[in-house]
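Colleague: Quick check, what structure comes out for this input:
(one chain, ligands or ions: 1)
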Amino acid sequence: MERTCRNTELSIANVGQVVTLVGWVSRKRNLGSILFIDLRDRSGIIQIYVKEGMEIPDVRSEYVISVTGEVAKRKEPNPKMKTGDIEIIASKIELINTAKTTPLLIQDDTDALEEVRLKYRYLDLRRPCMQRFFDIRDQIKIITHNYLHSLGFCEIETPMLCASSPEGAKEYLVPSRLHHGSFYALPQSPQMFKQLLMIGGFERYYQIARCFRDEDLRADRQPDFTQIDIETSFLDQQQFLTMMEELIRRYFKEIVNYDVKLPLRQMTYKEAMERFGSDKPDTRFGFELKNLKETFANSSFEAYKTAESVRGITVNGVANETSRKVIDELTLEAKKFGLGGLGVIKKENGEFSGSIVKFLSDAEKADLNKIFDLKDNDIVIIAAGKDNRVTPLLGALRLKYGKKLGLIKPNTYDLLWVVDFPMFERDVETNSIVATHHPFTRPRDEDLKYMDEDPTKMLSYAYDIVINGYEAGGGTLRIYDQNVQKKIFNILGLSDQDVQDKFGYFVNALQYGTPPHAGMAFGLDRMTMILGGTENIRDVIAFPKNLAGVCPMSGAPNKVTRQQVEDLGIKFMDEEGK
Ligand code: ASP
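Modeller: Residues are numbered from 1 along each chain as shown. So this is what the prediction gives:
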């Protein structure tokens, strides 16, 4: 039986035509002697009308059938369906395949547990909302290909089996069968390869690149994920950002018909941290952080007077619901950020209350009133301690309240560049110096002078594209001077020998006429989440892992045979670790 078209290609214009459709039985309704079947194919659903007395095979949900019949105008149109004006009056129905009863309902609205959805992913993927996510994902790729090719970019694949290169996160290792004791690493990103392609003279490269990071998983992280990876030569930062903005504009226009105003706003990292407590600020609502260092400079409250940093936020209209329990929860949050606690002040009937109020002078209270423009029923949350704990804590609380109070309107988009990131930061746990982006980031020319004396003062040519509080992508201008590159590695604690051992091929390449180059990577998964309106990265990856890093469908990672492992020159340790 040859299919003549897809379900939703038909409309009122086709009334009277005889067509043959194929698909899955989405729903069957027996209305006495007549029968309605909702037939679903990739394009959508159409209603099939089976007349009284017609002989048809036994059809049930998710059976695969073909239907031949005439397109007819419906007596009662259904405005909610794309094909709601018409139906097919069946003249022949053939059974192509049967189906077991599915463990989840194939419809947008599902109460199936995510674990079940992942185990039967192929059924979950049949749901129309899931198909839409993958259409968006596909559209992003097509727009990327078209736009970048129009600018002379060349798509080039880089290896999956790479040399290990400590870029930040932990790597996945693949043992070599031919060289026992040696390992390939899966790429965290094609960073060095794309830079080598610039040295290789390509000038404009991109790749829809698979990347792997062995990190703890969260709602917006997966161990294998996809980047739209881009690198260019001979552009300065603004030229590069302008080029990328047009790509972003096209994503929004073509996929959700939203007009992004260009040029995009740029905010320094410093401002983002000070005002929003985050390097990926969601600026769609207030509750901005305020610096209270001066307010408490001479305070009799020692904890605030002596703290490296004292900052606060106000949340409007919640004093009456800020119970002891809520304050305990906030305190718990502070502990997660490594702080002893926080101060919560309520303003009710013109009066302050809360456990720290007794320590505050009238001048300090007046200051708080002024800084936060406090009204009755507002609260102030104050945190004190190390600034790299205080600021992110308040940023997180601000976001939590913004979401809880519904201050973020759905389907609104907030896009900005965050720029001028520090070159290095101190690891909160170990206090050691780490690269904020990666070690190939170029320090700002005017900050090179701090390289020897205090490298943590250096800012870099780095930029992140932040959309609705997500880091949707990021990149940097690159170091193209081998001596600067070596020094940066040294600052990160690598000796010249380490640099030769780990990055020798790369620093050697830098000596052969390296052009100034710049690039970035967009998270394809994140971009799809933003445009598709989901907060769950697993919704936009066809076969994802769960939060334990396991694929509930295939069982990966799974046990392999002893022989397979021995071939790789690897021995299992026994229980004593021998
Ligand atoms: N490789 C970087 C990353 O994965 C992006 C870039 O600098 O191009 O975040």
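Colleague: In terms of secondary structure, what does the strand or helix carrying A366 contact?
Modeller: Assigned by DSSP states H and E, A366 belongs to helix 362-372. Counting contacts by 3 or more CB pairs under 8 Å, 6 or more residues apart in numbering; DSSP states H and E, helix 362-372 packs against strand 309-315. All C-beta spots, glycine's among them, are computed from the backbone N, C-alpha and C.
Colleague: what about the nearest residue to D367 once chain neighbours are set aside, distance to the ligand?
Modeller: Counting by CB to CB, 6 or more residues apart in numbering, D367 lies nearest to T295, which is 4.4 Å off, once chain neighbours are set aside. To the ligand, T295 is 38 Å away according to CB to the nearest ligand atom, to the nearest Å.
Colleague: Ok, E329 next?
Modeller: Distance of E329 to the ligand, computed by CB to the nearest ligand atom: 33 Å.
Colleague: re the thing from before, please write out the alpha-carbon positions of the helix holding A366 in CSV.
Modeller: Extracted C-alpha coordinates of helix 362-372, given in CSV (Å, rounded to 0.1, in the frame of the first residue of the first chain):
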residue,chain,number,x,y,z
ASP,A,362,19.7,53.3,64.2
ALA,A,363,22.1,54.6,61.6
GLU,A,364,22.6,51.1,60.2
LYS,A,365,18.8,50.5,60.1
ALA,A,366,18.3,53.8,58.3
ASP,A,367,21.0,52.8,55.8
LEU,A,368,19.3,49.5,55.1
ASN,A,369,16.0,51.3,54.6
LYS,A,370,17.6,53.6,52.1
ILE,A,371,19.7,51.1,50.2
PHE,A,372,16.9,48.7,49.7
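Colleague: For it, buried residues please.
Modeller: Buried residues in helix 362-372, counted by 16 or more other CB atoms under 10 Å: 364-365, 367-369, 371-372.
Colleague: Would you map the helices across the stretch 401-550 of the chain?
Modeller: Assigned by DSSP state H, counting those that start in this stretch, the helices in the stretch 401-550 of the chain fall at 450-453, 482-491, 496-509, 524-532.
Colleague: Just name the most buried of the ones you listed.
Modeller: Mean neighbours per residue, mean count of other CB atoms under 10 Å, is largest over those for helix 524-532, with a mean of 24.
Colleague: Any idea what V64 is bridged to?
Modeller: Per DSSP bridges, the residues bridged to V64 are W24, N97.
Colleague: Verify the stated contact: it with G23.
Modeller: Yes - with contact defined as CB atoms under 8 Å, V64 reaches G23; the gap is 7.3 Å.
Colleague: who's more crowded, the two?
Modeller: Legend: neighbour count by other CB atoms under 10 Å for V64 and G23, higher for G23 (25 against 15).
Colleague: Distance check, D38 against the ligand.
Modeller: 44 Å.
Colleague: Quick check: that residue touching Q47?
Modeller: Yes - using CB under 8 Å, D38 is in contact with Q47, at 6.0 Å.
Colleague: Looking at the two, which one has more neighbours?
Modeller: Just comparing D38 and Q47: by other CB under 10 Å the higher neighbour count belongs to Q47, 21 against 18.
Colleague: What residues does the more buried one make contact with?
Modeller: 36-39, 74, 78, 81, 83, 86-88 (CB atoms under 8 Å, 6 or more residues apart in numbering).
Colleague: Quick one, which of those residues are buried?
Modeller: Buried members of the contacts of Q47, counted by 16+ other CB under 10 Å: 37-39, 81, 83, 86-88.
Colleague: Now, those residues that are in helices?
Modeller: Per DSSP state H, helices hold no members of the buried ones among the contacts of Q47.
Colleague: can you tell me which of those are in strands?
Modeller: The strands, defined by DSSP state E, take in 37-39, 86-88 from the buried ones among the contacts of Q47.
Colleague: so which two of these are the farthest from each other?
Modeller: The most widely separated members of those, counting by CB to CB, are I37 and I86 (14.3 Å).
Colleague: Now do stretch 175-191: distance to the chain's middle.
Modeller: With CA atoms, centre = their mean, to the nearest Å as the basis, stretch 175-191 stands 27 Å off its chain's centre.
Colleague: Check whether that stretch comes into contact with the ligand.
Modeller: Yes - interface with the ligand: stretch 175-191 contributes 189, 191 (CB under 6 Å from any ligand atom).
Colleague: Can you give me the end-to-end span of that stretch?
Modeller: 22 Å (CA to CA, to the nearest Å).
Colleague: Please enumerate residues in contact with that stretch?
Modeller: The contact list for stretch 175-191 (CB under 8 Å, 6+ apart) reads 158-165, 167-169, 171-174, 193, 207, 209-213, 227, 229, 438, 440, 521, 567-570.
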